[in-house]
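> This is the structure alone, sequence omitted:
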């Protein structure tokens, strides 16, 4: 009896031993050349060849901070690269294996490996973790004179990178590059121009109207990262100084205008 493979790209035969090369369909042909008395038709058997099983190891992720990001470290037993996807897109997103944290809540990340010609797809593994908020801790109050511009710096705890969006006074600021934010609009009589955010602090540039007329000179400006309130900036605008000139009145006569 002799054996041969008719699917040499999937399996090969040496003597009576079959070697499986890759996943697919393996067909083995058994034949007996016979003699002057016997002759046998060849018989074939076909079977599926599955890839080698693989698993994914995905370590737990601790609580993270809104506005930050993380590169997961899942690995496949095959050593093939692992792909990631967010199952909670409103809370966190994935781009080029980097997870960005958008809002308070629970972020769930799925790790997968689709396999190749030798390895079967790995069972998907997920990790869920909570996101906490940021807090504005210093530089929350500063003064500006009406009609003049000025700057103030606020320190932000918990940031690992400049957030994609930052809100100021209910107006959304969009990060255009390197922590530089553009704004269209104003906050009442206070015109907010630019905010520059690094991993730990933000520099706010503001201008105040020359015609500030209000019963109070303190303005509260709520600060948000994404949809999360992170603190309040208090802007104090001193009233414009004024004086009264009242000339001396000389002695007058009764009934004289």
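Yes, it's here. Just so it is clear, the model here is predicted, and its values are computed rather than measured.

> Show the low-confidence segments of the stretch 151-257 of the chain, by residue range.
In the predicted model of the stretch 151-257 of the chain, residues 151-162, 171, 174-219, 234-242, 256-257 satisfy pLDDT under 70.

> burial measure for residue 223, as a count.
Residue 223: 22 surrounding residues under other CB atoms under 10 Å. Glycine gets a C-beta too; all of them are placed from N, C-alpha and C.

> whoops, I mixed them up, residue 101
Counted with other CB under 10 Å, residues neighbouring residue 101 total 26.

> pretty sure it contacts residue 69?
Yes - at 6.6 Å, residue 101 counts as touching residue 69 under the criterion of CB atoms under 8 Å.

> tell me which element residue 127 falls in.
Assigned by DSSP states H and E, residue 127 falls within strand 125-132.

> Each with direction, which strands does that strand pair with?
strand 64-65 (parallel), strand 105-112 (antiparallel) (DSSP bridges).

> Can you say which of these is nearest to residue 2?
The closest of the strands paired with strand 125-132 to residue 2 is strand 105-112. By CB to CB, the value is 43.6 Å.

> Other residues contacting the closest one?
56, 58, 61, 64, 72, 74, 82-88, 90-92, 94, 99, 101, 121-122, 124-131 (CB atoms under 8 Å, 6 or more residues apart in numbering).

> And those, which of them are buried?
The neighbour count (16 or more other CB atoms under 10 Å) marks 56, 58, 61, 64, 72, 74, 82, 84, 86, 88, 91-92, 94, 99, 101, 122, 125, 127, 129, 131 as buried among these.

> Any chance you could list what contacts stretch 2-19?
Counting by CB under 8 Å, 6+ apart, 1, 20-33, 44, 49 sit against stretch 2-19.

> So which of those residues sit within helices?
Judged by DSSP state H, helices contain none of the contacts of stretch 2-19.

> buried subset of those?
21, 23, 26, 28.

> what's the most distant pair in those?
Distances among the buried ones among the contacts of stretch 2-19 were taken as CB to CB; the most separated pair is 23 and 28, at 16.3 Å.

> In the stretch 1-150 of the chain, where is pLDDT below threshold?
Applying pLDDT under 70 to the stretch 1-150 of the chain flags residues 133-150.

> in it, which spans are helices?
With helices called from DSSP state H, counting those that start in this stretch, the stretch 1-150 of the chain shows none.

> doesn't residue 121 make contact with residue 114?
Yes - Residue 114 is in contact with residue 121 according to CB under 8 Å; the separation is 5.1 Å.

> Let me know how buried residue 45 is, in neighbour terms.
Neighbours around residue 45, by other CB under 10 Å: 10.

> Look up which residues are beta-bridged to it.
Beta-bridge pairing for residue 45 (DSSP bridges): residue 28.

> From residue 52, how far out is it?
Using CB to CB, to the nearest Å, we find residue 45 at a distance of 22 Å from residue 52.

> One more: residue 164?
41 Å.

> likewise residue 165?
For residue 165, the distance to residue 52 equals 45 Å [CB to CB].

> So between those two, which is more surrounded?
The neighbour count for residue 165 versus residue 52, taken as other CB under 10 Å, is higher for residue 165 (15 against 12).

> Right, I'll leave it there.
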